[in-house]
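J.: After the sequence you'll find the predicted model.
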Amino acid sequence: MGKGQRRKGHDFERNVANVFRTSRLDAKRGLGQARGGGEVADVMVKLPFSGPACHVEGLWVECKRGARTNIKRALQQATDALENNISSGPEYAGYIPTAVTKDDYGITMVTMHLYDFLSILGVVRSELPDLQGCEEKEWDESSK
């Protein structure tokens, strides 16, 4: 990856963090490595709500910008990195893996697992019908 591509990626990460902050959310760019040597998120976003129906602390955001971004790969990268960090400590247990992507000359998109999106909306897993083919991952016991 060339210097210009890295710069474009870093500029996009800063822009995404600024958009979250402008929306009155606590967002910080992740720089360096997490404790235990794991990967850090491009942007960490703390969400301002909590409660018994929503066990969400924040978003673990992976940002991708390029000619043709691979949305699924970006979400998988966020998911894998978050799971690796959770296994080394509970610090990020309430975070949701999220991909923010933008193709050149395209719109910025947000991608996350369906059940994670519903948990942000406060939907309790046990209230949902069985959505065949939509079970991207198991929900933990606290969201049932």
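T.: Yep, that arrived.
J.: where along the protein do the strands fall?
T.: Here the chain has its strands, by DSSP state E, at 26-29, 43-46, 58-66, 95-103, 108-111.
J.: list the contacts for the residue most central in space within the chain?
T.: The structure's the chain has its C-alpha centroid closest to Thr98; by CA atoms, centre = their mean the separation is 2.3 Å. Going by CB atoms under 8 Å, 6 or more residues apart in numbering, Thr98 touches Leu59, Trp60, Val61, Glu62, Leu75, Ala78, Val110, Thr111, Met112, Asp116. All C-beta spots, glycine's among them, are computed from the backbone N, C-alpha and C.
J.: pLDDT and neighbour count added to those residues, as JSON lines?
T.: Converted to JSON lines, the contacts of Thr98 look like this (pLDDT from 0 to 100; neighbours: other CB atoms under 10 Å):
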{"residue": "Leu59", "pLDDT": "94", "neighbour count": "26"}
{"residue": "Trp60", "pLDDT": "95", "neighbour count": "27"}
{"residue": "Val61", "pLDDT": "96", "neighbour count": "27"}
{"residue": "Glu62", "pLDDT": "96", "neighbour count": "27"}
{"residue": "Leu75", "pLDDT": "97", "neighbour count": "20"}
{"residue": "Ala78", "pLDDT": "95", "neighbour count": "27"}
{"residue": "Val110", "pLDDT": "97", "neighbour count": "13"}
{"residue": "Thr111", "pLDDT": "97", "neighbour count": "18"}
{"residue": "Met112", "pLDDT": "96", "neighbour count": "22"}
{"residue": "Asp116", "pLDDT": "87", "neighbour count": "19"}
